[in-house]
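S.K.: sequence and computational prediction follow.
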Amino acid sequence: MTRIFTVAIDGPAAAGKGTVSRAVAAHFGLAHLDTGLLYRAVGAKVLRGADPTEAARALDPADLEADLRTQEIASAASRVAVIPEVRAALTDFQRDFARREGGAVLDGRDICTVIAPAAEVKLYVTASPEVRAERRFQELIDKDPTLTREGVLEDVLARDARDMGRADAPLVAAEDAVVLDTSEMSIEEAVGAAIAIVGSALPAG
Ligand code: CDP
Ligand code: CDP
């Protein structure tokens, strides 16, 4: 018997999507795809001079680079993510991943709305911009000591505006998504809440 079970997680930058997704995937034995890495990989190639659409079409998700988690690459990712041809080139891989046997968790911006609208569980993970910027600052400051809190907040807000304002697959909480605001939650609380939501939707056995 096939076991297809999709958990779709969207939300703005540094809301805790990845943390929650990894924990849910580990807890229930599901595969996990951080779809932001696909856009970051394309953004990184564009920073090195590639054409965005060609880079997206040639992307091999099997060899995503190790270090795509910089502010510069995040910003480049959100700039290529407005290009419909780039999004189209990345769609099939994500849809196939969502329907893979054994179940999957995907996190990004358009998972509930475009990639996996039939997902069994839909979550919108969010937090206030200030909380998200502080989390991202703490995460990146060791790697990049030139970062400032104000700069990270500005970057997060600019990226949110671009992601929510674009015409193709804008970031929005799907009507049927459960909203998880983690502004005042520890990682353990956020993960616990997500596991409870997913657990209640899992078929018996
Ligand atoms: O994937 P996304 O960009 O939405 O966020 P993340 O990478 O999961 O989380 C961003 C940072 O916030 C990480 O350093 C997490 O450890 C931290 N975090 C937190 O402090 N409290 C939470 N409830 C969730 C995440
Ligand atoms: O970790 P964080 O939330 O900061 O960013 P990310 O999930 O790695 O995504 C980087 C950028 O890729 C986002 O700002 C979006 O512009 C884009 N993205 C998207 O358009 N659609 C997705 N499904 C995932 C990411």
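M.R.: Yes, it's here. Numbers count the residues shown, from 1 in each chain. Ligands and ions are numbered 1, 2, ... in the order given.

S.K.: check contacts around residue 86.
M.R.: With contacts defined as C-beta atoms under 8 Å, 6 or more residues apart in numbering, residue 86 is in contact with 39, 42, 52-53, 55-56, 80. Every residue, glycine included, has its C-beta placed from N, CA and C.

S.K.: give me the distance between the one residue sitting closest to the centre of the chain and ligand 1.
M.R.: Among the residues of the chain, the one closest to the centroid is residue 108, at 2.5 Å (C-alpha atoms, centre = their mean). Distance, residue 108 to ligand 1, by C-beta to the nearest ligand atom, to the nearest Å: 9 Å.

S.K.: got the contact list for that residue?
M.R.: 9-10, 17, 34-36, 94, 115.

S.K.: make it 6 Å
M.R.: By C-beta atoms under 6 Å, 6 or more residues apart in numbering, the contact set of residue 108 is 35-36.

S.K.: and the contacts of residue 86, which two are furthest apart?
M.R.: With C-beta to C-beta as the measure, no two of those lie farther apart than 39 and 53, at 12.9 Å.

S.K.: the more surrounded of those two?
M.R.: Between residue 39 and residue 53, counting by other C-beta atoms under 10 Å, residue 39 is the more crowded of the two (25 against 17).

S.K.: what segments of this protein are strands?
M.R.: With DSSP state E, the ranges of strands along the chain come out as 6-10, 31-34, 104-108, 121-126, 178-181.

S.K.: switch those strands over to CSV; also include distance to ligand 2 and mean pLDDT.
M.R.: As requested, those are arranged in CSV below (distance: least, C-beta to the nearest ligand atom, whole Å; pLDDT from 0 to 100):
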stretch, distance to ligand 2, mean pLDDT
strand 6-10, 7, 98
strand 31-34, 7, 97
strand 104-108, 2, 98
strand 121-126, 10, 98
strand 178-181, 14, 98
